[in-house]
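Student: A predicted structure for the sequence below; I have some questions about it.
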Amino acid sequence: MAWQDLIGSYSVNYVPQLVLDAMATSHILGIFFRLETDPGLHIWVGVNDIPAGFDSIDPEGTVYLGGGRLLNVPSLEVLVNGQSSSVEFGIAGIDPSTAQKVVDTMPDVRGKDLKIGFTTLDQYYQPMSSIVALWTGTASHPTESSPPVTGGENKKTNLSLAVVSGTNTRSRASQVLWTPAHQKAFYPTDEFCSNIARLGRGVAPAWPVYD
């Protein structure tokens, strides 16, 4: 059997072509957050609720709630043999009573997967494709804070969710790294893992160019 028959209709195009074409011009970008709690939390950065879905996760689709305007995005990193990074996603300007209700009814988030994805939206603000997965993290804990107020300002509350990437959380031991010593214990002349230490945070290895 030929390898073409084995892969069938599988495509290596991670981002659909119509999304790439849309992003090459003036476009509307939708960013989606999926937190695997029970019940699940599905939010997108915008207004109104729209049906969407991550391919292979919820192919039937679900409804993503409009979370409002996106003010900033933390730097999202994918780490190889590096330390875990931590980012926070938050909602600001909530009145204290509403914030307390959210905290009281919030399901357990620790250890739950958070997936972030994107796709372009058409002129009717509907997704042009399934959501393209961009980043996966592990929820750690929610935080609550109240910035100081002056004069006649109303007190507001900020709610945030800390999320880590990688597998090094305080509740889970660090995994052993595969080093040159491990590899050469089985294959003494194999240099495959000789530069594994360079695959760390903040390191951009110089990959070879094959003719």
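Tutor: Cool, the structure landed.
Student: mind listing the helices for this structure?
Tutor: Per DSSP state H, the chain carries helices over the ranges 3-7, 17-23, 96-105, 180-186.
Student: and among those, the most buried is which?
Tutor: Highest mean neighbour count among the helices of the chain (mean count of other C-beta atoms under 10 Å): helix 17-23, with a mean of 14. (Glycine included, C-beta is placed from N, CA and C.)
Student: give me the distance from that one to the chain's centre.
Tutor: 21 Å (C-alpha atoms, centre = their mean, to the nearest Å).
Student: likewise for stretch 146-163?
Tutor: With C-alpha atoms, centre = their mean, you get 26 Å for stretch 146-163.
Student: now the strand with the most length in the chain: mean pLDDT?
Tutor: Secondary structure of the chain per DSSP state E: the longest strand is strand 132-145. The pLDDT scores in strand 132-145 average 87.
Student: hey, C-alpha coordinates of it in PDB?
Tutor: Presented in PDB, the C-alpha positions along strand 132-145 are these (Å, rounded to 0.1, in the frame of the first residue of the first chain):
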ATOM      1  CA  VAL A 132      -7.400  26.900  14.900                       C
ATOM      2  CA  ALA A 133      -5.700  25.700  18.200                       C
ATOM      3  CA  LEU A 134      -2.900  28.100  19.100                       C
ATOM      4  CA  TRP A 135      -1.800  27.400  22.700                       C
ATOM      5  CA  THR A 136      -2.700  25.100  25.600                       C
ATOM      6  CA  GLY A 137      -2.000  25.800  29.200                       C
ATOM      7  CA  THR A 138      -3.000  24.300  32.600                       C
ATOM      8  CA  ALA A 139      -5.200  26.400  34.900                       C
ATOM      9  CA  SER A 140      -3.600  27.000  38.300                       C
ATOM     10  CA  HIS A 141      -5.800  29.300  40.500                       C
ATOM     11  CA  PRO A 142      -8.100  32.300  40.400                       C
ATOM     12  CA  THR A 143      -7.100  35.600  42.000                       C
ATOM     13  CA  GLU A 144      -9.200  38.500  43.200                       C
ATOM     14  CA  SER A 145      -8.000  42.100  43.700                       C
END
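Student: does Ile131 really touch Asp55, like I thought?
Tutor: Yes - here Ile131 reaches Asp55: they are 7.1 Å apart, a contact under C-beta atoms under 8 Å.
Student: who's more crowded, the two?
Tutor: Remark: of Ile131 and Asp55, Ile131 carries more neighbours, 24 against 14, as counted by other C-beta atoms under 10 Å.
Student: what's in contact with stretch 118-137?
Tutor: Stretch 118-137 is contacted by residues 14-16, 18-19, 22-23, 27-32, 46, 48, 50-55, 57, 59, 76, 78, 87, 113-117, 163-165 when judged by C-beta atoms under 8 Å, 6 or more residues apart in numbering.
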